[in-house]
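Colleague: here is a sequence together with a model predicted from it:
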Amino acid sequence: MSILLSSFEAFAGMDRNPSMNLADDLGFESIVLPVSYKRSFEILKNKIESTHRPKYLVQLGLAQKRTKISIERLAANLSSASLPDSDGVVLQNAPILENGPPALATTLSQNELETLVDDHCAVSDDCGHYVCNSLYYKTLFEYPDIKTVFIHVPMPLDWGSKASLLKYKQILKSLQTNLNTLAFKTK
C-alpha cells in the first residue's frame, strides 16, 4: 500500500464528519478513528503494525472555522482544548510527550508538500491543540520513516444545500488529484 488515509468519526453532537466522508470517497485504503487522545493513536498504530507499512500516511480531520483545506506543516507538543474528546477527556496545557520536542514537522519533502497545494488548499503551521494535533504529533514521533501529513478540511455550512455539496465536490476533486499525483510518485 502506498497511501493510507486516516479520518475521524463524528463527534461533539455532529451527525457526520467530512473527514470520514472524504476518506471513503477518495478511494485509498483508509481507517476511521475515534476522536480520542488515547485511542486514536493506539488504533492507528495497530493498523500500521498489522499491515504493510504505507509509504504515505495522510491524516484527515475537521477544522470547522476554516474555509480552505489546510495542509498542516507542524504538530505541536501540546494538547489544550476546552472540548472533551469522545472519552470525556479534557486536556489543558498538557504536553503530548513529556520529553518530546516542542514541535515536529511533516516528513513530506518540500516538493511533496507543494504537490498537495492548489487553489483549494493552503499550507498551515497551526494544527490546533485538540485530538488532530495529538494524533499527528504522536505519529510523526513514532514513525519518522513514514511520510506523514495532516490535512484539515473545512465543514460545509449546510450539508443539504447545493453550495455545500459543490464545495464538498471541489474539496474531493482537489484532494483526489493531489493524492493521485503523490501516489504516482511512489511508483
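Modeller: Great, that's in hand. Quick caveat, the model's predicted, so the values are computed rather than measured.
Colleague: pLDDT averaged over stretch 128-141 - what is it?
Modeller: On average, the pLDDT along stretch 128-141 is 98.
Colleague: sorry, that was for stretch 66-76
Modeller: Mean predicted lDDT for stretch 66-76 stands at 91.
Colleague: buried residues, that stretch. List them.
Modeller: 66, 68-76 (16 or more other C-beta atoms under 10 Å). Using the backbone N, CA and C atoms, a C-beta is placed for each residue, glycine as well.
Colleague: so of those residues, which ones are in helices?
Modeller: Counting by DSSP state H, no part of these is found in helices.
Colleague: so can I have JSON lines of these showing distance to Cys132?
Modeller: Compiled in JSON lines, the buried residues of stretch 66-76 are given as follows (distance: C-beta to C-beta, whole Å):
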{"residue": "Arg66", "distance to Cys132": "12"}
{"residue": "Lys68", "distance to Cys132": "16"}
{"residue": "Ile69", "distance to Cys132": "13"}
{"residue": "Ser70", "distance to Cys132": "10"}
{"residue": "Ile71", "distance to Cys132": "13"}
{"residue": "Glu72", "distance to Cys132": "8"}
{"residue": "Arg73", "distance to Cys132": "14"}
{"residue": "Leu74", "distance to Cys132": "12"}
{"residue": "Ala75", "distance to Cys132": "9"}
{"residue": "Ala76", "distance to Cys132": "11"}
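Colleague: check contacts around Lys45.
Modeller: By C-beta atoms under 8 Å, 6 or more residues apart in numbering, the contact set of Lys45 is Glu142.
Colleague: what does Tyr136 give?
Modeller: Contacts of Tyr136 (C-beta under 8 Å, 6+ apart): 59, 72, 75, 127, 148, 150.
Colleague: from those residues, which ones fall inside strands?
Modeller: 59, 72, 75, 148, 150 (DSSP state E).
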